[in-house]
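1. Pasting the sequence and the predicted coordinates here, then a few questions.
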Amino acid sequence: MIEIREVDLRQADVIVRIISESFRKQAEILNITKDQYPSYVAFETLEALAKKYQTNKEHLVLAYKKDIPIGTVRYNASNNDPTKGYINRLAVIPTYRGNNFGSLLMTYAEAQLKKAGVNTVEISIVSQFEKLKKYYIGLGYKSIGDKTFASLPFSVHFLEKKI
């Protein structure tokens, strides 16, 4: 069993550590480094987290198993459309994967967004990660398309879910 807690920037170092550990393998698969693509999720910094927290009014969430932080997720309503929300940075430490903890974090974030009046949630992933795409489709998300960004060497796939 896990405990899910809303946290603030005082736990930013824990969040950044979990994200770094969780996304390290993806960076290796993509063959990218922090020097090349500092905006990639695996290389998130305390400063970048704080900026998104403040600018996007993100909610920071940690999952604990026996008081050990094992996962994180962030969510926020759109600044322009309060019926649209975003879930970002879902990360579970690799040794804890396969226990439904990611799904529990997603369900928590979706429920909080729904309480806030959001009815559509958008997420994004690296387009080439088909297994991850199937995971989110299994959670009820539908593919809405790909987009490229000059700051990244791959396309980003967007998915959406009505809640």
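-> That came through, no problem. Residues are numbered from 1 along each chain as shown.
2. For the rest of this, base every contact and every neighbour count on C-alpha atoms.
-> OK.
3. Just the residues contacting the helix or strand bottoming out on mean pLDDT in the chain, thanks.
-> None of the helices or strands of the chain scores lower by mean pLDDT, DSSP states H and E than helix 46-55, at a mean of 92. Here helix 46-55 makes contact (C-alpha atoms under 8 Å, 6 or more residues apart in numbering) with 9, 12-13, 16, 58-60.
4. And for stretch 85-103?
-> Residues outside stretch 85-103 that contact it (C-alpha under 8 Å, 6+ apart): 2, 18-19, 21-23, 41, 63, 70-78, 105-106, 109-110, 113, 118-124, 139.
5. can you give me the helices in the chain?
-> 12-30, 46-55, 101-115, 130-138 (DSSP state H).
6. quick one, the third one and helix 130-138 angle?
-> By that I understand helix 101-115. Relative orientation of helix 101-115 and helix 130-138, computed by axes from the mean of the first three to the mean of the last three C-alpha atoms, to 10 degrees: 40 degrees.
7. Also the longest one?
-> Taking the same axes, to 10 degrees, one finds helix 12-30 and helix 130-138 inclined to each other by 120 degrees.
8. Can you list the helices and strands that helix 12-30 packs against?
-> The contact analysis (3 or more C-alpha pairs under 8 Å, 6 or more residues apart in numbering; DSSP states H and E) places helix 12-30 against helix 46-55, strand 68-77, strand 84-92.
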